[in-house]
Structure formats: C-alpha cells, structure tokens
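> quick one, structure for this:
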Amino acid sequence: MNNNNKIKTWAPDKLLFPPFKHLAIVDYPPFCEGDYHAHDIFQVLFVVSGTFYLLGPRDKKLGVNSGEFLIIPPGKTHSWRIEKNRCKAVQVIHNSMLPETYGDLSILFGNLNSDCRKIRIGKTETDAIAKRLKSEAAKSRPADSMMIFIFLMEIFSMALRIFAQNEKNRSLGTKPETALKKALDYIQKHYREKITLEELAKISCLGISRFSEIFRAHTGEAPINYANKLRMEKAKALLQYSHMTVGQISEYLGFESIHYFSRAFKKYSGTSPSESRPAKIKS
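I've put the predicted structure just below:
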C-alpha cells in the first residue's frame, strides 16, 4: 500500500502531566474512516489542516475545520470520516478538569452531558501550537514535559476565552431581570431537590458564565450557594416551629442521609440540628 494512503500518527515518548493522558498528532489520508466507539474520559481534537468529520448516531455529521477545537465528552458514541482532502489534527485524551484544581477551565467541560462542543480558535493559532508541541517533544531537554503541559494549557485557555465570549454575546439579548426571576422562581420551587448551575443557566436562557455574573451581582451569592442557604433556612424554620424529627426534616429537604444533613447544618449555623431546637419541642 502507498504510504500516502496510511494514517500517520506521531506520539511523543514523554511523561504527560495530569490531567493529560495521551497526546498525538495524526495525519489522515483522504477517504478513510473509523469504527463507532466511545471513550471513558474526554477527547479533544484541534484541526491543523483539512476537515475532520465527526459522525454521531444515525450518521449525524459535524465538520471540524482547520483552526477549530472539538470536545468529545465521555460516553459519547461516535465515529469519524475524512473525505477528499488530507487532514492533520492534534488529539488529546485527558481526565476531567475539576474547578478546585483547574479553576475556570472546568467551564469548558463541566456542563457537557452528551453533546460535543466545537470552538473556532483560528488556523494560525492551532498550527503554531502543533509545531511547538512537536518541536519540544522531539528533543530531550530539561523540563520538556512541563513545556508540553504549558503549550496544551495555552490552547485550552484560548478555547475557554473564546467560548466564554461567545456565551456572553449569545446571552446579551436576555434581560438580566427576566433571567434572574426565572432562576429565583425555580430555586423556590425546587430547593428540596438537587439543583445544578447548568439547569439554572438553561432555564434563564443564558450561558453559564453570564448567568453566574448576573446572579451574583443581584444577590451577592453564587447560584448554588444561594440555593443551599435557602435550604438551610428552611431547615432552621422546621427545627424551630415544627414537630418533625431531625430525620424527617433531613428526608423532607432532600438530603442523602441524616448524617450529611447534620454536618451541613452545623457548618452553616454553627450548631447541630438538635441543639437548634427549642426546649419545648425537644420535650
């Protein structure tokens, strides 16, 4: 077989720092495709040249062009196809980026369930990062693994900034007061259930970053903190004025266990649930 018709994969023989698990630059020939599969962790692909087609269920096709950044979440069944022109792409496999470790970068991945996300970064930027990655990894020098980590975080940070700006632009048409009212109404009705930031942003017709910004500006609290405080205030009222047991209050407010409820309540109020009850109710 002609070598021009083979997939060429270059992967550095280097230690990759967390959260990164695998890095490769792949050169695809025209008219090739892969089998359907899914990953148990995140896959990110940024196209340096050509077009990479991601195929979903029922052959739903998403074209990813040069200069674009694609996030494929865990569990997303997909295949791929290259059509008439060659395609070169950098592929990265990585674990989840949790906010407590990676800060704002978690926004890129935290609200993905089954849909892929495509972000246009720019051909010049993706081409430059690919060249720097390959140049650094091809040599054996001190701190080469650290430099690879820095280059990857640079492209991820670019993607985050562009994504956040796109979300902000998309949400400018929604009045802050309307968005806030929808979120507050939802919290009042569902405070006994688990509420996520993604749910509240979707209900408010805003991107997560824009919604969080508006909510904090009007209430002084992050959305989930606000919902948790409301639940704790309801717990205080029930302890003060109802004859429900601590276990019944815990179950009524949707806590997983009485132990978790007691710990959360003490952290919020400084006293345990039983210590917060009036003597007449205790007796």
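
> how much space between the closest residue to Lys8 other than its chain neighbours and Leu15?
Nearest non-adjacent residue to Lys8, counting by C-beta to C-beta, 6 or more residues apart in numbering: Asp27, 4.2 Å away. Heads up, the C-betas are built off the backbone N, CA and C, glycines and all. The spacing between Asp27 and Leu15, counted by C-beta to C-beta, to the nearest Å, is 24 Å.

> looking at these two, which is more packed in?
Asp27 (17 against 11; other C-beta atoms under 10 Å).

> I'd say the more buried one and Ile82 touch.
No. Judged on C-beta atoms under 8 Å, Asp27 makes no contact with Ile82 at a distance of 10.1 Å.

> now do the strands in the stretch 1-150 of the chain.
For the stretch 1-150 of the chain, the strands defined by DSSP state E, counting those that start in this stretch occupy 8-10, 20-28, 32-33, 42-49, 51-55, 61-65, 68-72, 79-82, 87-94, 117-120.

> may I see the ones you listed organised as CSV, with mean pLDDT and distance to Ile258 added?
Putting these into CSV (pLDDT from 0 to 100; distance: least, C-beta to C-beta, whole Å) gives the following:
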stretch, mean pLDDT, distance to Ile258
strand 8-10, 93, 54
strand 20-28, 95, 39
strand 32-33, 95, 54
strand 42-49, 95, 36
strand 51-55, 95, 47
strand 61-65, 94, 47
strand 68-72, 94, 39
strand 79-82, 95, 48
strand 87-94, 96, 38
strand 117-120, 91, 40
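
> helices along the stretch 51-200 of the chain, start to end?
Counting by DSSP state H, counting those that start in this stretch, the stretch 51-200 of the chain has helices at residues 99-102, 123-137, 144-171, 176-190, 197-203.

> quick one, which of those helices is nearest to Cys87?
helix 123-137 (12.3 Å; C-beta to C-beta).

> relative to strand 20-28, how tilted is the closest one?
Interaxial angle, helix 123-137 versus strand 20-28 (axes from the mean of the first three to the mean of the last three C-alpha atoms, to 10 degrees): 110 degrees.

> output the contacting helices and strands for helix 123-137.
Helix 123-137 is packed against strand 20-28, strand 42-49, strand 87-94, helix 144-171, with contacts defined by 3 or more C-beta pairs under 8 Å, 6 or more residues apart in numbering; DSSP states H and E.

> what's in contact with the third one?
Contacting residues not belonging to strand 87-94 are listed as 19-28, 39, 41-52, 64, 126, 129-130, 133, 152 [C-beta atoms under 8 Å, 6 or more residues apart in numbering].

> in stretch 264-281, what counts as buried?
For stretch 264-281, the neighbour count (16 or more other C-beta atoms under 10 Å) marks 264-265, 269, 273, 276-277 as buried.

> sorry, that was for stretch 215-222
Those would be Phe215, for stretch 215-222 by 16+ other C-beta under 10 Å.

> hmm, back to that, format the strands of the stretch 1-150 of the chain as JSON lines; extra columns: distance to Asn166.
Converted to JSON lines, the strands of the stretch 1-150 of the chain look like this (distance: least, C-beta to C-beta, whole Å):
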{"stretch": "strand 8-10", "distance to Asn166": "31"}
{"stretch": "strand 20-28", "distance to Asn166": "25"}
{"stretch": "strand 32-33", "distance to Asn166": "30"}
{"stretch": "strand 42-49", "distance to Asn166": "16"}
{"stretch": "strand 51-55", "distance to Asn166": "19"}
{"stretch": "strand 61-65", "distance to Asn166": "16"}
{"stretch": "strand 68-72", "distance to Asn166": "12"}
{"stretch": "strand 79-82", "distance to Asn166": "24"}
{"stretch": "strand 87-94", "distance to Asn166": "21"}
{"stretch": "strand 117-120", "distance to Asn166": "8"}
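
> state the phi and psi torsions of Pro142.
phi -60, psi 140 (degrees, to the nearest 10).

> domain ranges for this structure?
3-171, 173-283 (automatic domain parsing).

> hmm, Thr126 and Phe48 touching each other?
Quick fix: residue 48 reads Val, not Phe. Yes. The pair Val48 / Thr126 is scored as a contact, 5.4 Å apart, by C-beta under 8 Å.

> who touches both of these two?
In contact with both Val48 and Thr126: 66, 90, using C-beta under 8 Å, 6+ apart.

> out of the two, which sits in the busier spot?
Each of Val48 and Thr126 has its neighbours counted (other C-beta under 10 Å); Thr126 has more, 24 against 20.

> OK, contacts around the more buried one?
46-48, 66-69, 90, 155.
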